[in-house]
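[1] Predicted model and sequence below, questions to follow.
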Amino acid sequence: MNGARVFFYVQHLLGIGHTVRAAALTRAMQRAGMDVTYAAGGFDAAGPDLGGARLVRLPPVRAEDAGFKTLVGADGKPVDDAWWGKRRAALLDAFHAAEPDLVLIEMFPFGRWPFRFELLPLLDAALGRARIACSLRDVLVQKPGQPRRAAIAEIVHRYFDAVLVHGDPTFIRLDETYPGTAEIADRVCYTGYVAPEAPCQGSHVAEVVVSAGGGVTGGDLMRTALAARPLSGQAALPWRLLTGPNLPAPELSALGREPGIAIERMRTDFRELLAASAASVSQAGYNTVMDLLVSRARSVVVPFSAAGQTEQAFRARRLAERGWAHLVDEDGLTPQRLAEAIDRAARGSRPRPDGIDLDGARRSAALLAALAQGPARPETAIAANMSL
């Protein structure tokens, strides 16, 4: 057993995809013998099953909307300097109490930029005391001009021993969505996708399964699916709408109830439902795509693309190019187009996503265990620039 102590910082702002992947990594690290402290500051900070990891709840914060421009605290008001000061102190106290051999930070500095006010002090505290790694998804949001590219490279080289990209370069390479990859190539390591196990053969019947991940942005998809049902050749089948836990209650109530349609927040047997389904309709977040691949679902993906979000659209296009999903762009979503895509998917064969690495949780844990055993990088005399 490795026995290394890991301090894992995770912050989600809108959906729950980050926490699902982070929880899977946390469980994998514990299976590899590591002692994990999981520091989370989103709403519902506990997230999925952490496998017994020590949970530190930071003062919660979320994005006010899909634009991510305003962060609000538990009281619904924008956070201020005093709030940041309290949260920074809580984070540093938790770090010192954990005495980690390795600090793992999700997304930063490639994302979570407003959190630099607490993360740069954390990195300064860890430098010289622990190894430092970044946990990064396969696709980054593409921004015109790539602002902060130089600052990102500086932070990576100053602090980070490794950037773990949870993807497979034969499917999607980091440099396809982050042009600064060459500047940090000596730190980048692909782990494979963090995917769940393939579902067991269940007793579920064939149905159309419509899902929206966490549900914050899934209302339009749910309403369009209901309108698409009578236009689809699959209308006689049962339809199941899984709205996600965070779909606002008024939107959930407005969906109504119709014969042949089941509406639920979520299911623990989601992958088994997908494996048995006649067709799946979903967005194209990281975890949803992993569920689709391991269940070999005939799928239609409608990637979330509001407020300049490019991540899901990029991943969805790649799925469609491989023939693993049917793509309907969000800005062209209509009941008729969705119905036609559902019918094409239902008539097709189940995809066989051979050759893509889905062992990312185990491989990430092995890489982190080896990294934690090495000596910490020496401290630098350069103070973190809080104005970056």
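    Right, received. Where do you want to start? Numbering: from 1, shown residues only.

[2] From the contact counts, what lies against the one helix or strand in the chain whose mean pLDDT sits lowest?
    Between all helices and strands in the chain, the lowest mean by mean pLDDT, DSSP states H and E belongs to strand 62-63, at a mean of 78. Judged by 3 or more C-beta pairs under 8 Å, 6 or more residues apart in numbering; DSSP states H and E, strand 62-63 is in contact with strand 71-72. For glycine as for every other residue, the C-beta is placed from the backbone atoms N, C-alpha and C.

[3] ok, and what's touching the next helix or strand after the strand it packs on?
    Proceeding N to C from strand 71-72, the next assigned helix or strand is helix 81-98, under DSSP states H and E. For helix 81-98, the external contacting residues (C-beta atoms under 8 Å, 6 or more residues apart in numbering) are 5, 7, 9, 37, 39, 41, 54, 56, 58-59, 61, 73, 103, 117-118, 121-122, 125-126.

[4] Return the distance of the least confident helix or strand of the chain from the chain's centre.
    With C-alpha atoms, centre = their mean, to the nearest Å as the basis, strand 62-63 stands 15 Å off its chain's centre.

[5] Partner strands of it and their direction?
    Strand 62-63 has these partner strands in its sheet, going by DSSP bridges: strand 71-72 (antiparallel).

[6] secondary structure element for the closest residue to residue 353 other than its chain neighbours?
    Nearest non-adjacent residue to residue 353, counting by C-beta to C-beta, 6 or more residues apart in numbering: residue 293, 4.7 Å away. Element membership of residue 293, judged by DSSP H and E, is helix 286-295.

[7] what are the ranges of the strands in the stretch 201-350 of the chain?
    Taking DSSP state E, counting those that start in this stretch, the strands of the stretch 201-350 of the chain run over residues 208-211, 239-242, 261-264, 279-282, 299-301, 326-327.

[8] roughly how far out does stretch 296-307 sit from the chain middle?
    14 Å.

[9] Check stretch 365-379 too.
    The answer for stretch 365-379 is 24 Å, by C-alpha atoms, centre = their mean.

[10] Tell me where the model's unsure across this protein.
    1, 14-17, 44-47, 65-68, 144-146, 377-388 (pLDDT under 70).

[11] Out of the strands of the stretch 201-350 of the chain, which one sits most buried?
    Among the strands of the stretch 201-350 of the chain, strand 299-301 has the highest mean neighbour count (mean count of other C-beta atoms under 10 Å), at a mean of 29.

[12] In terms of secondary structure, what does that strand contact?
    strand 279-282, helix 286-295, helix 311-321, strand 326-327, helix 335-347.

[13] Okay, now the sheet partners of the shortest one, with direction.
    In the sheet containing strand 326-327, the strands it pairs with under DSSP bridges are strand 299-301 (parallel).

[14] what does the strand it pairs with rub up against?
    Counting by C-beta under 8 Å, 6+ apart, 274, 279-284, 289, 292, 312, 316, 319-320, 324-328, 338, 341-342, 345, 351 sit against strand 299-301.

[15] can the helices and strands packed on strand 299-301 go into a markdown table with extra columns for distance to residue 366?
    Shown next, in a markdown table, are the helices and strands packed on strand 299-301 (distance: least, C-beta to C-beta, whole Å):
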| stretch | distance to residue 366 |
| --- | --- |
| strand 279-282 | 31 |
| helix 286-295 | 19 |
| helix 311-321 | 25 |
| strand 326-327 | 34 |
| helix 335-347 | 36 |
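
[16] what's the most buried one of those?
    strand 279-282 (a mean of 27).

[17] what does it rub up against?
    Applying C-beta under 8 Å, 6+ apart, the set of residues contacting strand 279-282 is 208-213, 221, 225, 234, 274, 288, 292, 297-302, 338, 342, 345-346.

[18] follow-up on the earlier one: residue 138: which of the strands of the stretch 201-350 of the chain is closest?
    strand 299-301 (15.0 Å; C-beta to C-beta).

[19] picking that back up, what separates the helix holding residue 293 from the chain centre, distance-wise?
    12 Å.

[20] what angle separates it from helix 311-321?
    If you take axes from the mean of the first three to the mean of the last three C-alpha atoms, to 10 degrees, helix 286-295 sits at 20 degrees to helix 311-321.

[21] which residues are contacting helix 286-295?
    Taking C-beta under 8 Å, 6+ apart as the rule, helix 286-295 contacts 17, 20-21, 137-139, 166, 193-199, 211, 213, 270-272, 274-275, 280, 282, 297, 299, 301, 315, 319, 324-325, 351, 353, 356, 358.

[22] now the helices for the stretch 1-150 of the chain?
    17-31, 81-98, 116-126, 149-159 (DSSP state H, counting those that start in this stretch).

[23] Show me what the first one is packed up against.
    What that stands for is helix 17-31. So helix 17-31, by 3+ C-beta pairs under 8 Å, 6+ apart, packs with strand 5-10, strand 35-40, strand 102-106, strand 131-137, helix 286-295, helix 360-372.

[24] ok, and what's touching that helix?
    Contacts for helix 17-31 (C-beta under 8 Å, 6+ apart): 6, 8, 10-12, 36, 38, 40, 42, 47-53, 104, 106-107, 135, 137, 166, 194, 196, 213-214, 285-288, 361-362, 364-365, 368-369.

[25] Buried among those residues? Need that as a selection in ChimeraX.
    The ChimeraX command for the buried members of these (criterion: 16 or more other C-beta atoms under 10 Å) is given here:
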select :6,8,10,11,12,36,38,40,42,47,48,50,53,104,106,107,135,137,166,194,196,213,214,285,286,287,288,361,364,365,368,369
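
[26] can you list the domain ranges for the protein.
    Segmentation of the chain into domains, based on automatic domain parsing, reads 5-195+359-372, 208-347.
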